[in-house]
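[1] prediction below, plus the sequence it came from.
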Amino acid sequence: MGLAASQVRFLTLTSRKADLEYNIAIDSMEKMALSREQSNLSKEYYSKLKAQKICYFANNQYNKITYQYLMGSGYNECQNFHNKNRISKDNASTILTDYKGLVVLNNTCAQVIRDVMGGAVGIDSAGRGKPFSLSDENLAKMICAVAYNSGASNNLEKVKSFIENGTYKTEGDFATQKTLTGESTGEKTKTYSTTDSDLCSVIAFYLPIFKAAATNGFTTEYNNEINTNSDYVSDALVSGTFCLAQVGKDAHDNFTGEYEPNTSLTYFITNGTVQERNDSDAREEVTAWYNAEKERISEKEDFLDIELKDFSTELEAINTEMQAVKTLIDDAIQSVFDWGSA
């Protein structure tokens with residue numbers, strides 16, 4: 001090989017050597033990044049395993065708390081209660097608020113308030129409504145709307161009467177099949193129809209919610225997160241974005257709509273309203289996610305290891321060849337000097 005050809009070959013090998021050394025450095029940094037990712041993954045995994053969820057006890061099991069459990073689903077609630085699509089809260093006075101003290105309402109209940117109250121309720125662009133004056137008649141209209149998916153004017157007077165007389169109240173559960181007044185008093189025992197029993201459940205459920213919204217104001221700004229993330233309410237209660245509140249009553253056991261804002265979650269855990277528990281239902285899901293992520297990182301590490309081995313092997317061969325070419329160049333230069341001195 002001539003001197004010029006050897007120089008070209010040497011320069012080509014030098015360029016390839018630089019590329020290989022650069023690629024080896026990049027792969028080494030990627031492996032370090034994967035090590036950090038693996039470490040962070042392990043921390044996140046154990047954090048998720050220890051994550052607490054707010055639960056309520058029903059049907060002999062702990063159930064993750066949801067918006068529907070605390071605040072209802074909105075329209076046609078008589079049918080929901082009758083078909084047992086929901087479990088009634090143990091305590092009707094417990095409702096959901098945000099950290100600002102506003103009652104957290106779904107869009108349907110907020111729309112009911114707008115429809116009944118009209119311009120009497122000021123609502124800003126974020127979906128926050130100001131406090132408003134609420135009469136028993138307007139309250140009855142709101143409850144009819146959520147109970148029957150309409151104004152249900154034929155039931156309006158019945159609902160208004162139940163509210164004014166307090167006949168929706170029961171001991172223990174929200175509604176019973178009949179109001180026991182006792183034959184000794186000479187009063188006739190009134191047996192509710194199934195519809196009336198369901199309606200009493202709806203009144204007991206929604207009366208403190210609507211009264212609290214009227215007294216303190218309400219918000220719908222969290223509805224997108226609530227509707228798309230089943231864990232949102234529980235997580236928000238743990239983080240403090242949401243709070244539980246207990247609507248107060250007057251001397252006659254009627255809900256006033258007032259409550260103490262920002263009552264600590266510990267208070268409701270202590271009095272047995274809810275419990276904070278590890279999310280055992282999500283354990284398998286979290287473990288499957290962790291194993292999949294760990295496998296992804298491992299596959300990438302294996303690929304980088306193979307690539308680094310190939311680069312190192314090629315680099316070693318290039319170093320050997322460069323040494324041989326350099327020897328040829330040195331010999332060619334030396335021969336020129338030897339010829340000139342001959």
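    That came through, no problem.
[2] now stretch 82-96: buried residues?
    For stretch 82-96, the neighbour count (16 or more other Cβ atoms under 10 Å) marks 86, 88-89, 92-96 as buried. For glycine as for every other residue, the C-beta is placed from the backbone atoms N, C-alpha and C.
[3] just those residues now: which is nearest residue 6?
    residue 96 (81.3 Å; Cβ to Cβ).
[4] report the separation between the closest one and residue 243.
    Distance, residue 96 to residue 243, by Cβ to Cβ, to the nearest Å: 8 Å.
[5] now swap in residue 61 and tell me
    Distance from residue 61 to residue 243, by Cβ to Cβ: 25 Å.
[6] of those two, which one has the most company?
    Using other Cβ atoms under 10 Å, the more surrounded residue of residue 61 and residue 243 is residue 243, with 24 against 8.
[7] show me what contacts the more buried one?
    Residues in contact with residue 243 (Cβ atoms under 8 Å, 6 or more residues apart in numbering) are 96-99, 101, 237, 261-263, 265.
[8] hmm, residue 169 is touching residue 204, no?
    Yes. With contact defined as Cβ atoms under 8 Å, residue 169 reaches residue 204; the gap is 7.0 Å.
[9] the more surrounded of these two?
    Between residue 169 and residue 204, residue 204 has the larger neighbour count (other Cβ under 10 Å), namely 22 against 17.
[10] what sits against the closest residue to residue 252 other than its chain neighbours?
    Nearest residue to residue 252 in three dimensions, chain neighbours excluded: residue 166, at 7.6 Å (Cβ to Cβ, 6 or more residues apart in numbering). By Cβ under 8 Å, 6+ apart, the contact set of residue 166 is 252-254.
[11] out of those residues, the closest to residue 117 would be?
    Nearest to residue 117, judged by Cβ to Cβ, of the contacts of residue 166 is residue 254 at 20.7 Å.
[12] and the closest one, how far from residue 247?
    As judged by Cβ to Cβ, residue 254 and residue 247 stand 11 Å apart.
[13] neighbour count winner among those two?
    Ranked by neighbour count (other Cβ under 10 Å), residue 254 and residue 247 place residue 247 first, with 23 against 15.
[14] low-confidence ranges, this structure, go.
    For the chain, applying pLDDT under 70 flags the ranges 1-3, 47-51, 84-87, 149-154, 170-195, 279-283, 330-332, 334-342.
[15] closest to the centroid, which residue in it?
    residue 232 (2.4 Å; Cα atoms, centre = their mean).
[16] now it, nearest residue through space, not along the chain?
    residue 225 is the one closest to residue 232 (Cβ to Cβ, 6+ apart), at 4.8 Å.
[17] give me the sheet partners of the longest strand seen in the chain and which way each runs.
    The longest strand of the chain (DSSP state E) is strand 52-58. Strand 52-58 has the following sheet partners, assigned by DSSP bridges: strand 61-64 (antiparallel), strand 275-278 (antiparallel).
[18] buried sites along the first one?
    By neighbour count on 16+ other Cβ under 10 Å, the buried set for strand 61-64 is 62, 64.
[19] next SSE after it?
    helix 67-71 (DSSP states H and E).
[20] do the last one as well
    Using DSSP H and E, the next helix or strand after strand 275-278 towards the C-terminus is helix 283-341.
[21] same for that next one, what does it pack against?
    Applying 3 or more Cβ pairs under 8 Å, 6 or more residues apart in numbering; DSSP states H and E, one finds that helix 283-341 contacts helix 3-49.
[22] so what secondary structure elements neighbour the helix it packs on?
    Partner elements for helix 3-49 (3+ Cβ pairs under 8 Å, 6+ apart): helix 283-341.
[23] the helix it packs on relative to helix 3-49, how many degrees between them?
    If you take axes from the mean of the first three to the mean of the last three Cα atoms, to 10 degrees, helix 283-341 sits at 160 degrees to helix 3-49.
[24] what's around the closest residue to residue 23 other than its chain neighbours, how many residues?
    Once flanking residues are discounted, residue 23 sits nearest to residue 311: 5.5 Å by Cβ to Cβ, 6+ apart. Residue 311 has 18 neighbours, counted by other Cβ under 10 Å.
[25] contacting residues around residue 311?
    20, 23-24, 27.
[26] got those as TSV, with distance to residue 213 columns?
    Below are those laid out as TSV (distance: Cβ to Cβ, whole Å):
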residue	distance to residue 213
20	69
23	63
24	65
27	60
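[27] closest one of these to residue 320?
    Sorting the contacts of residue 311 by how near they are to residue 320, with Cβ to Cβ, puts residue 20 at the top with 13.3 Å.
[28] distance of the closest one from residue 269?
    Counting by Cβ to Cβ, the gap from residue 20 to residue 269 is 61 Å.
[29] between the two, who's got more neighbours?
    Between residue 20 and residue 269, counting by other Cβ under 10 Å, residue 20 is the more crowded of the two (19 against 14).
[30] residues contacting the nearest residue to residue 240 once chain neighbours are set aside?
    The shortest distance from residue 240 to any non-neighbouring residue, by Cβ to Cβ, 6+ apart, is to residue 99 (6.0 Å). By Cβ under 8 Å, 6+ apart, the contact list for residue 99 reads 240-243, 262.
[31] strands - which of those land there?
    Members of these lying in strands (criterion: DSSP E): 242-243.
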